[in-house]
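Visitor: Turn this into a structure:
(chains A and B)
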Amino acid sequence: MDWEFFIELGLGGLTRGSIYALIAIGYTMVYGIIELINFAHGEIYMLGAFTGLIVAGVMGVYGFPAFAILLMAIVIAILYCAAYGYTMEKVAYKPLRGAARLSPLISAIGMSLFLQNYIILAQTSDFLPFPTLIPDFEFMEPIAHIFGSTDLVIVAASAVSMAALTVFIKFTKLGKAMRATAQNRKMAMLLGINADRIISTTFIIGSSLAALGGVLISTHSGQLNFMIGFIAGVKAFTAAVLGGIGSIPGAMLGGLFLGLTESYAAGYISSDYEDVFAFSLLVIFLIFRPSGILGKAPVEKV
Amino acid sequence: MLKLNGVNTFYGNIHALHDVSMHIDEGEIVTLIGANGAGKSTTLMSICGGTPPRSGEITFEGQPIHKTKMDQIVRLGISQVPEGRLIFPDLTVMENLELGAFLRNDKDGIKRDMEYAFSLFPILEERQKQAGGTLSGGEQQMLAISRALMARPRLLLLDEPSLGLAPIIIQQIFEIIQKVNASGTTVFLVEQNANQALKIAHRGYVMETGHITMEDNAATLLANEDVKKAYLGL
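Guide: The predicted model follows:
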């Protein structure tokens, strides 16, 4: 067995899985609180990538160093996408709270199409090149052929932000209030928790992580267009289901699991079929373990 | 302290509460008894903003509260122990209690009140790191009451605290309710277990299909022939 190839695929899967996990968190948190699959979440990620591109373009003209551009691109993309996520909830979902479950779902698909077409009109429908914003670190030289500096930054940034989120959810007052609202919104409100504010916070956090993922993956793949959100969104949704929708650790685990599966399947079988493997995995899980890796089987409430 | 005046509440087209008027004075234990589906829980949810009345008035210490949102009620000094207890199952006992004090910022006071809750229900202290969902029904009821007390309410609303519990636990819960009342908290107790409820209450109301049909001192109601027949199984 060729171990170097095996490790290379593993590391590639890790990079890919980190991004899936970042986006999957947004799906799973929103589902956990309002039981909605936010189909427009992938578009937030795409908007993040475009915001990053615009910031990189402008700052590139003035000759800023690549790392400063990257930081600025991430910060602005996060702010911009957080605002989008917040507004999206207020415009497309909040008026439908209490409506039949299908209505907000349709609204989500509408929002997704709206944002895609907005980018086609405002930007372009063609692929655009995205500059490399992460310089090659010297210490990465020996393994750069299998795990580059960009991969390192992606994995590290994802790990740090997910760890921060975990601490926030577990230990802060707002984090506890979010968990309480997810478990029983009515009771949370009886304790004085403003559920609307919790829901907004959820959208802001999910959108921020998606924005981070959008900028990072674009500098990795070197290109973007208006459809990247759709594909990444479907994959991240798959990751969220694999991990157990509603569970944040599940989304992280599901993302990595999906990334690794795709990477190995592409490497050992055929890269033409990597999407087939991802979605076969989804089908298999939905049939045999619909609650996902960490999800709990729903308890029938009496 | 709390007054309901001609309250009418609807679920869609269903008229659930008909001209309900009642009052709860400071320091009292008042109970609302009635059969399943009479509108007892709806009365509580109307007070808490969960199902706002379509007409009528609810005042708390003279202030109208029938337009107040559910998440603002606890701010006024009204805590609810809801039907079915509604413990957050994946949060620990400690976290459930902390959230009871969500609007408070006085760390020392919160700590003292938590110790007070543990003194009322020592079992909760033993189980403080356990998830709420792993507690027994009785323990969950104890936690629900403690969580409501963490907000330092002046009025405590209890919805069927005896539901589904063993007689010995019910006894314990009702003793605690009396203790809480003795320490200065006014109590509004909604119960199907009319016998137990009337024994600890000062006054009582009887509700039938959304109407208040009787109101009197608890002792008088307990001796009333109609009440005996309908609710005490005598």
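
Visitor: all helices of chain B, in order?
Guide: B:40-47, B:70-76, B:93-100, B:107-120, B:122-126, B:137-149, B:167-182, B:194-200, B:218-223, B:225-227 (DSSP state H).

Visitor: ok, B:Glu83 - how many residues close by?
Guide: 16 (other CB atoms under 10 Å in any protein chain shown). (Each C-beta comes from the backbone N, C-alpha and C, glycine too.)

Visitor: Spatially, and excluding backbone neighbours, which residue is closest to it.
Guide: Excluding its sequence neighbours, the residue lying closest to B:Glu83 (CB to CB, 6 or more residues apart in numbering or on different chains) is B:Asp159, at 4.1 Å.

Visitor: For the lowest-mean-pLDDT helix or strand in chain B, name the packing helices and strands.
Guide: Within chain B, no helix or strand scores below helix B:225-227, which has a mean of 87 by mean pLDDT, DSSP states H and E. Helices and strands touching helix B:225-227, by 3 or more CB pairs under 8 Å, 6 or more residues apart in numbering or on different chains; DSSP states H and E: there are none.

Visitor: do that again at 10 Å, thanks
Guide: helix B:194-200, strand B:203-208, strand B:211-217 (3 or more CB pairs under 10 Å, 6 or more residues apart in numbering or on different chains; DSSP states H and E).

Visitor: Where does pLDDT dip in chain A?
Guide: For chain A, residues meeting the criterion pLDDT under 70 lie at A:297-302.

Visitor: now do 80
Guide: Scanning chain A for pLDDT under 80 picks out A:1, A:295-302.

Visitor: so what's A:Phe114 up against?
Guide: A:40, A:43, A:88, A:91-92 (CB atoms under 10 Å, 6 or more residues apart in numbering or on different chains).

Visitor: in the biggest helix by length in chain A, what counts as buried?
Guide: In chain A, with assignment by DSSP H, the single longest helix is helix A:3-34. Within helix A:3-34, the residues scored as buried using 16 or more other CB atoms under 10 Å in any protein chain shown are A:8-34.

Visitor: Show me what the helix or strand following it is packed against.
Guide: The helix or strand immediately downstream of helix A:3-34 is helix A:41-61, counting by DSSP states H and E. On a contact count with 3+ CB pairs under 10 Å, 6+ apart, helix A:41-61 meets helix A:3-34, helix A:66-88, helix A:102-122, strand A:128-129, helix A:195-221, strand A:223-224, helix A:228-243.

Visitor: returning to what we had before: can I get the helices of chain B in TSV with mean neighbour count and distance to A:Ala240?
Guide: As requested, these are exported to TSV (neighbours: other CB atoms under 10 Å in any protein chain shown; distance: least, CB to CB, whole Å):
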stretch	mean neighbour count	distance to A:Ala240
helix B:40-47	24	34
helix B:70-76	20	28
helix B:93-100	24	24
helix B:107-120	14	35
helix B:122-126	15	35
helix B:137-149	23	30
helix B:167-182	16	41
helix B:194-200	21	47
helix B:218-223	18	54
helix B:225-227	14	55
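
Visitor: Identify whichever of those lies nearest to A:Ala236.
Guide: Among these, helix B:93-100 comes nearest to A:Ala236, with 28.9 Å by CB to CB.

Visitor: pull the CA atoms of the closest one into CSV?
Guide: Output of helix B:93-100 as CSV, limited to C-alpha atoms (Å, rounded to 0.1, in the frame of the first residue of the first chain):
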residue,chain,number,x,y,z
VAL,B,93,-29.7,20.5,36.7
MET,B,94,-27.3,23.3,37.4
GLU,B,95,-27.8,24.9,34.0
ASN,B,96,-31.6,24.6,34.3
LEU,B,97,-31.4,26.5,37.6
GLU,B,98,-29.0,29.1,36.1
LEU,B,99,-31.5,29.8,33.3
GLY,B,100,-34.2,30.3,35.9
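
Visitor: Run the contact check for it versus chain A.
Guide: Yes: residues of helix B:93-100 contacting chain A under CB under 10 Å from any CB of the partner chain: B:95-96, B:98-100.

Visitor: which one among the residues you listed gets closest to B:Gly56?
Guide: Using CB to CB, the residues of helix B:93-100 next to chain A come closest to B:Gly56 at B:Gly100, 29.7 Å.

Visitor: Poorly predicted segments of chain B, please.
Guide: For chain B, the stretches flagged by pLDDT under 80 are B:232-234.

Visitor: Report the central residue of it.
Guide: Centroid-nearest residue in chain B: B:Leu158, 1.3 Å away (criterion: CA atoms, centre = their mean).

Visitor: picking up where we left off before, run through the neighbouring helices and strands of the longest helix of chain A.
Guide: helix A:41-61, helix A:66-88, helix A:149-171, helix A:173-183, helix A:185-190, helix A:195-221, helix A:228-243, helix A:248-268.

Visitor: Output those helices as TSV; include the columns distance to B:Arg147.
Guide: Converted to TSV, these look like this (distance: least, CB to CB, whole Å):
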stretch	distance to B:Arg147
helix A:41-61	34
helix A:66-88	30
helix A:149-171	19
helix A:173-183	10
helix A:185-190	9
helix A:195-221	17
helix A:228-243	30
helix A:248-268	24
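
Visitor: Could you take those helices and lay them out as TSV, with extra columns for mean neighbour count?
Guide: Output for the helices and strands packed on helix A:3-34, formatted as TSV (neighbours: other CB atoms under 10 Å in any protein chain shown):
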stretch	mean neighbour count
helix A:41-61	24
helix A:66-88	20
helix A:149-171	16
helix A:173-183	20
helix A:185-190	22
helix A:195-221	24
helix A:228-243	26
helix A:248-268	23
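
Visitor: Can you name the residues of chain A sitting close to chain B?
Guide: A:170, A:173, A:176-177, A:179-198, A:247, A:296, A:299, A:301-302.

Visitor: coming back round to it: nearest to A:Leu70 among the helices of chain B would be which one?
Guide: Taking the helices of chain B one by one with CB to CB, helix B:93-100 is closest: 37.9 Å.

Visitor: which other helices and strands contact the closest one?
Guide: Looks like helix B:93-100 contacts helix A:173-183, helix A:185-190, helix B:107-120, helix B:122-126, helix B:137-149 (3+ CB pairs under 10 Å, 6+ apart).

Visitor: ok, and what's touching the fourth one?
Guide: Taking CB under 10 Å, 6+ apart as the criterion, the residues outside helix B:122-126 that touch it are B:93-94, B:96-97, B:114-115, B:117-119, B:130, B:135-136, B:138-139, B:142-143, B:145-147.

Visitor: and the closest residue to B:Gly6 other than its chain neighbours, what is it in contact with?
Guide: Nearest residue to B:Gly6, sequence neighbours excluded (CB to CB, 6+ apart): B:Gly56, at 4.1 Å. For B:Gly56, the contacting residues are B:4-9, B:17, B:19-21, B:46, B:66, by CB under 10 Å, 6+ apart.

Visitor: Let's see that with 7 Å instead.
Guide: For B:Gly56, the contact set (CB atoms under 7 Å, 6 or more residues apart in numbering or on different chains) comprises B:4-8.

Visitor: what's the answer for A:Gly222, then?
Guide: Here A:Gly222 is in contact with A:129-130, A:132 (CB under 7 Å, 6+ apart).

Visitor: ok, A:Glu89 to chain B distance?
Guide: 18 Å (CB to the nearest CB, to the nearest Å).

Visitor: Show me what from chain B comes close to chain A.
Guide: Residues of chain B that fall close to chain A, judged by CB under 7 Å from any CB of the partner chain: B:48, B:50, B:70-71, B:74-75, B:80, B:82, B:86, B:88-91, B:95, B:98-100, B:102-103.

Visitor: got the contacts of A:Gly222 as a markdown table, with neighbour count columns?
Guide: Shown next, in a markdown table, are the contacts of A:Gly222 (neighbours: other CB under 10 Å):
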| residue | neighbour count |
| --- | --- |
| A:Pro129 | 10 |
| A:Phe130 | 22 |
| A:Thr132 | 16 |
